[in-house]
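Enquirer: Here is my input; please provide its structure:
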Amino acid sequence: MILLQPTFFSPILQYVAIANADEIIFETEDNFQKQTYRNRCYIYTAQGKKLLNVPVQHSKEMKQKTKEVKIDYKDDWHKQQLKTLQTAYSSSPFYEFYIEDLLPVFEKKIHFLLDLNFLAHEIMMDALQFEIPTKKTTEYEKEPKLLDLRFLAEDKPKTTYKLDRYIQVFSENHGFIPNLSILDLLFMEGPNALNYLETQKITF
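Expert: Numbering: from 1, shown residues only. Prediction:
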């Protein structure tokens with residue numbers, strides 16, 4: 001059983017943990033923190049590693065629950081991100097196979113960030129053809145009595161984990177970039193993505 005933070009098209013490490021767990025507990029009672037994978041992910045473009053950010057509405061409160069954070073659509077970020085994905089991955093082996101399934105994330109105007117992240121996760125699990133029992137927290141625990149992997153939501157975690165290489169679209173230009181969004185692995189490895197996740201020799 002592992003405790004995870006719901007994130008936006010989570011980094012590969014988070015799905016390595018999911019693929020090797022028997023149950024997931026998602027944190028839904030925490031306070032929102034900026035500059036984390038809660039509302040961002042990284043993909044591989046012709047220019048190298050690129051940030052995709054989901055803008056959120058700012059609160060006047062010092063602390064705001066993540067589940068109360070609303071998405072800001074005034075700049076049509078979702079349309080821009082869909083175009084960026086097309087530019088980055090249209091030549092990848094499995095882009096055409098999966099892109100239709102991803103459209104609800106970018107075409108529906110979902111109000112709450114947490115709902116968007118859960119939708120993205122559900123789509124990824126369907127794409128990976130992987131099922132696992134999942135629950136949500138009902139209260140926040142600073143020191144829970146289970147494997148706490150909420151730190152995987154941090155953009156710059158203290159621990160570095162080594163992931164196996166796989167072919168990436170622009171690796172000839174910029175080399176292998178590890179721990180990008182699960183989208184990168186899915187577009188490149190397709191049905192083999194789950195096998196990749198399950199065989200990573202990582203101990204959290």
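Enquirer: Could you name the helices and strands sitting against the longest helix anywhere in the chain?
Expert: Criterion DSSP state H: the longest helix present in the chain is helix 113-128. Packing partners of helix 113-128 (3 or more CB pairs under 8 Å, 6 or more residues apart in numbering; DSSP states H and E): helix 12-19, helix 95-107, helix 182-189, helix 193-198. Any C-beta I mention is one placed from the backbone N, CA and C, and that applies to glycine too.
Enquirer: Residue 155 and residue 53: what is the separation?
Expert: In this view, residue 155 and residue 53 are 11 Å apart by CB to CB, to the nearest Å.
Enquirer: So between those two, which is more surrounded?
Expert: Set residue 155 next to residue 53 and count neighbours by other CB atoms under 10 Å: residue 155 wins out with 15 against 12.
Enquirer: What are the buried residues along the lowest-mean-pLDDT helix or strand in the chain?
Expert: In the chain, no helix or strand scores lower on mean pLDDT, DSSP states H and E than helix 171-174, which sits at a mean of 92. Using 16 or more other CB atoms under 10 Å as the test for burial, helix 171-174 gives no buried residues.
Enquirer: which other helices and strands contact that helix?
Expert: Checked by 3+ CB pairs under 8 Å, 6+ apart, helix 171-174 has strand 48-53 packed alongside it.
Enquirer: My understanding was that residue 16 contacts residue 194; is that so?
Expert: No. Residue 16 is beyond contact range of residue 194, at 10.6 Å (criterion: CB atoms under 8 Å).
Enquirer: between the two, which one's more packed in?
Expert: Comparing residue 16 with residue 194 by neighbour count (other CB under 10 Å), the higher total belongs to residue 16, at 24 against 19.
Enquirer: Low-confidence regions, the protein specifically.
Expert: Scanning the chain for pLDDT under 70 picks out no residues.
Enquirer: any idea how far the residue lying farthest from the centre of it lies from residue 194?
Expert: Distance from the C-alpha centroid of the chain peaks at residue 60, with 27.1 Å (CA atoms, centre = their mean). Distance, residue 60 to residue 194, by CB to CB: 43 Å.
Enquirer: That'll do, ta.
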